[in-house]
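K.L.:
Dropping a prediction and its sequence here:
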Amino acid sequence: MGRNGQILRISVIGTGYLGLTHAVCMADLGHEVLAIDVDAEKLAKAARGETPFFEPGLEPLLRKNLDAGRLRFTDSFAEVGEFGDVHFICVGTPQVKDGGGSADLSYVFSAAEALAPHLTRPTLLVGKSTVPVGTSREIIARVHAAAPAGELVDYAFNPEFLREGYAVQDSLTPDRIVFGVTSDAADELMRAVYAIPLASGIPGLTMDLETAELVKVAANSFLATKISFINVMAEMCEASGADVIRLADAIGIDERIGRKFLSPGLGFGGGCLPKDIRAFRATAQDKGVDSLVDLLTTVDTINLGRRDRVVTLAREAVGDLAGKRIAVLGAAFKPNSDDIRDSPSLAISGRLADEGAIVAVHDPVAMANAARVRPDLRYADSVHEAAQGADLVLHLTEWADYRAIDPDGLRSVVANPVLIDGRCTLDAAGWRAAGWTVLVPGRPS
Ligand SMILES: NC(=O)c1ccc[n+]([C@@H]2O[C@H](COP(=O)([O-])OP(=O)(O)OC[C@H]3O[C@@H](n4cnc5c(N)ncnc54)[C@H](O)[C@@H]3O)[C@@H](O)[C@H]2O)c1
């Protein structure tokens with residue numbers, strides 16, 4: 001519930017990974033929430049209490065708040081405009097196709113412009129989608145021009161740092177809440193929205209709009225840089241016969257460095273980090289900040305190079321890939337998610353298939369999404385089915401289930417017991433003891 005027990009009327013525009021999680025969590029804090037999307041199927045599912053994507057813990061919380069009458073869905077912007085004291089924009093900001101990596105802001109602008117004619121009283125519009133610095137000012141100008149309440153519509157930018165797979169926990173108990181504002185009134189209202197987490201001691205940081213916009217992309221760029229750093233260390237370890245995991249453990253113990261995001265492997269993917277660093281690079285290019293362009297270009301190149309490395313290792317392991325049977329464990333871009341956007345695993349699977357390999361993919365939850373974008377791959381209901389007669393097994397998404405695989409049992413179904421652990425998380429010694437040849441990028445064989 002809001003400040004002083006205040007229940008606010010909150011609307012959420014866009015019910016994807018970010019928006020649906022945000023709507024459910026806002027309702028769970030006690031607010032009255034109305035959410036809107038342009039995808040009728042998504043809305044119908046959510047209104048029935050079903051999440052249109054896999055996110056641990058979200059569906060029960062959705063049902064709880066639907067049952068409590070705190071959360072509703074609509075397809076009417078008029079209803080949303082009438083309803084909300086605070087409107088959160090949570091629509092997608094994907095990478096523009098052939099746009100040098102810049103962000104496609106058309107969804108954000110069209111959401112704001114669809115709502116604007118219905119803003120007939122003072123209200124607060126809040127940007128939550130990740131956007132390039134300067135976008136908030138452009139939204140303000142467009143809304144002020146189109147809203148009947150015009151200048152009375154205030155604006156805030158409140159970036160979201162949730163991780164898919166931990167979205168509920170990250171939304172309800174984030175490390176910090178950032179408020180980019182242009183007025184004290186907006187800051188006060190945002191603090192009322194988040195009164196419960198703030199009261200529990202989570203820091204709320206108020207700043208100008210531009211800094212808040214940069215905080216989000218700077219955080220993602222730092223994380224991406226850290227991942228690419230350990231991945232070039234993996235390359236150096238391979239070139240030197242050293243072990244990148246022991247190296248990561250040893251440097252990560254230093255609290256100035258930290259062990260998190262220092263796991264070598266296939267690098268980052270998903271709907272955020274890759275497109276966010278490319279959009280940030282495009283912004284840096286526009287603003288002439290060449291050193292940032294160089295940094296982010298290098299981070300991206302190193303990251304994509306990890307996929308090449310695994311394809312090369314596969315060729316080294318089995319020779320010509322044409323006609324070879326390859327089992328791929330994992331399709332999602334990371335465990336505990338069914339998101340396959342820019343999934344390293346799926347990109348590698350596709351490249352192996354393009355070279356003529358017969359690829360059978362297994363994933364605990366992401367196969368339906370994967371089959372939609374790569375219908376040419378085979379999909380198996382179990383690890384054993386994927387590995388049947390395989391010349392090579394690739395471990396490409398580090399689901400906990402895969403750490404529980406019995407290497408002895410799996411050896412009995414493959415044609416050739418060779419494993420590439422692209423995520424460096426399996427017990428290589430255990431697999432070797434069971435008769436497997438195990439290749440791990442960055443670790444001695
Ligand atoms: N997914 C994450 O983990 C995450 C984390 C932090 C920030 N973000 C940011 O949040 C934003 C959304 O990401 P996502 O992963 O939720 O994307 P998504 O594609 O899952 O969801 C976007 C939703 O917006 C809807 N939409 C598009 N145009 C609309 C309009 N005009 N009106 C109403 N709805 C509309 C789409 O139908 C879709 O359901 C992006 O900017 C992303 O970078 C995402």
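P.N.:
Received the coordinates, thanks.

K.L.:
which residues touch the nearest residue to G265 once chain neighbours are set aside?
P.N.:
Of all residues not flanking G265 in the chain, R423 sits nearest, at 4.4 Å (C-beta to C-beta, 6 or more residues apart in numbering). For glycine as for every other residue, the C-beta is placed from the backbone atoms N, C-alpha and C. Counting by C-beta atoms under 8 Å, 6 or more residues apart in numbering, R423 touches S263, G265, L266, G330, H395, L396, T397, E398.

K.L.:
Which of the three states applies to the first one?
P.N.:
Spelled out, it's S263. Secondary structure, DSSP: H, G, I helix; E, B strand; the rest coil: S263 is coil.

K.L.:
Could you list the buried residues of the helix or strand harbouring A212?
P.N.:
Applying DSSP states H and E as the criterion places A212 in helix 209-240. Residues 209, 212-217, 219-221, 223-235, 237-238 are the ones in helix 209-240 that count as buried (16 or more other C-beta atoms under 10 Å).

K.L.:
returning to that earlier point: tabulate the contacts of R423 (CSV), appending pLDDT, neighbour count and secondary structure.
P.N.:
Listed next are these as CSV, based on pLDDT from 0 to 100; neighbours: other C-beta atoms under 10 Å; DSSP: H, G, I helix; E, B strand; the rest coil:
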residue, pLDDT, neighbour count, secondary structure
S263, 94, 19, coil
G265, 94, 25, coil
L266, 96, 29, coil
G330, 98, 29, coil
H395, 98, 27, strand
L396, 98, 28, coil
T397, 98, 31, coil
E398, 97, 23, coil
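
K.L.:
Make CSV out of the residues you listed and add distance to A366.
P.N.:
As requested, the contacts of R423 are arranged in CSV below (distance: C-beta to C-beta, whole Å):
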residue, distance to A366
S263, 20
G265, 17
L266, 15
G330, 8
H395, 15
L396, 11
T397, 8
E398, 13
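
K.L.:
Determine which two of these are furthest apart.
P.N.:
S263 and G330 (14.6 Å; C-beta to C-beta).

K.L.:
If we look just around the ligand, which residues of the protein are in range?
P.N.:
Residues of the chain that fall close to the ligand, judged by C-beta under 6 Å from any ligand atom: 13-19, 36-39, 42, 90-93, 107, 110-111, 114, 129-130, 160, 162, 164, 271-272.

K.L.:
residue contacts, the residue in the stretch 301-445 of the chain that the ligand sits nearest to?
P.N.:
Of all residues in the stretch 301-445 of the chain, D339 sits closest to the ligand, at 7.1 Å by C-beta to the nearest ligand atom. With contact set as C-beta under 8 Å, 6+ apart, D339 has these partners: Y17, F53, E164, G270, G271, A332, F333, A366, N369.

K.L.:
could you redo the last one with a cut-off of 6 Å?
P.N.:
E164, G270, G271, F333 (C-beta atoms under 6 Å, 6 or more residues apart in numbering).

K.L.:
what about it, helix or strand, and which?
P.N.:
D339 belongs to no helix or strand, assigned by DSSP H and E.

K.L.:
Which pLDDT value belongs to it?
P.N.:
Note for D339: predicted pLDDT of 96.

K.L.:
swap in T123?
P.N.:
96.

K.L.:
Then K97?
P.N.:
87.

K.L.:
now do the one 10 residues further on
P.N.:
Y107 is assigned a predicted lDDT (pLDDT) of 98.

K.L.:
again, but for T130
P.N.:
pLDDT at T130 comes out at 98.

K.L.:
Check R3 too.
P.N.:
With respect to pLDDT, R3 scores 45.

K.L.:
next one: D85
P.N.:
As predicted, D85 sits at a pLDDT of 95.

K.L.:
these two touch, right, it and I7?
P.N.:
No - the pair D85 / I7 is not scored as a contact, 9.8 Å apart, by C-beta atoms under 6 Å.

K.L.:
Look at those two and report which has more neighbours.
P.N.:
More crowded of D85 and I7, by other C-beta atoms under 10 Å: D85, with 20 against 14.

K.L.:
So that one versus the ligand, what's the distance?
P.N.:
Taken as C-beta to the nearest ligand atom, to the nearest Å, the spacing of D85 relative to the ligand amounts to 19 Å.

K.L.:
Disregarding residues adjacent in the polypeptide, which is nearest to the residue in the chain that the ligand sits nearest to?
P.N.:
In the chain, no residue comes nearer to the ligand than G16, which is 1.8 Å away by C-beta to the nearest ligand atom. In this structure, G16 finds its nearest non-sequential neighbour in G92, 6.2 Å apart by C-beta to C-beta, 6+ apart.

K.L.:
And for G99?
P.N.:
G99 sits nearest to A282 (C-beta to C-beta, 6+ apart), 7.4 Å away.

K.L.:
The one you found: what's it in contact with?
P.N.:
G100, G101, S102.

K.L.:
Same check on V217?
P.N.:
Applying C-beta under 6 Å, 6+ apart, we find V217 in contact with D276, F280.

K.L.:
repeat for the one 3 residues further on
P.N.:
Contact criterion C-beta under 6 Å, 6+ apart gives L273, D276 as the residues in contact with N220.

K.L.:
now do 10 Å
P.N.:
By C-beta atoms under 10 Å, 6 or more residues apart in numbering, the contact list for N220 reads T130, P159, F161, F268, C272, L273, P274, K275, D276, I277, A279, F280.

K.L.:
so where do the helices sit in the stretch 51-200 of the chain?
P.N.:
58-67, 77-83, 106-115, 135-146, 167-172, 184-193, 195-199 (DSSP state H, counting those that start in this stretch).

K.L.:
and the residue nearest to G265, what element?
P.N.:
With DSSP H and E as criterion, R423 is part of no helix or strand.

K.L.:
can you tell me how far it sits from S228?
P.N.:
16 Å (C-beta to C-beta, to the nearest Å).

K.L.:
do G305 as well
P.N.:
Where S228 is concerned, G305 sits at a distance of 9 Å (C-beta to C-beta).

K.L.:
ok, now V12?
P.N.:
For V12, the distance to S228 - C-beta to C-beta - is 33 Å.

K.L.:
Count the residues that sit near the closest residue to P407 other than its chain neighbours.
P.N.:
Closest residue in space to P407, ignoring its immediate chain neighbours: A434 at 3.7 Å, by C-beta to C-beta, 6+ apart. Counted with other C-beta under 10 Å, residues neighbouring A434 total 17.
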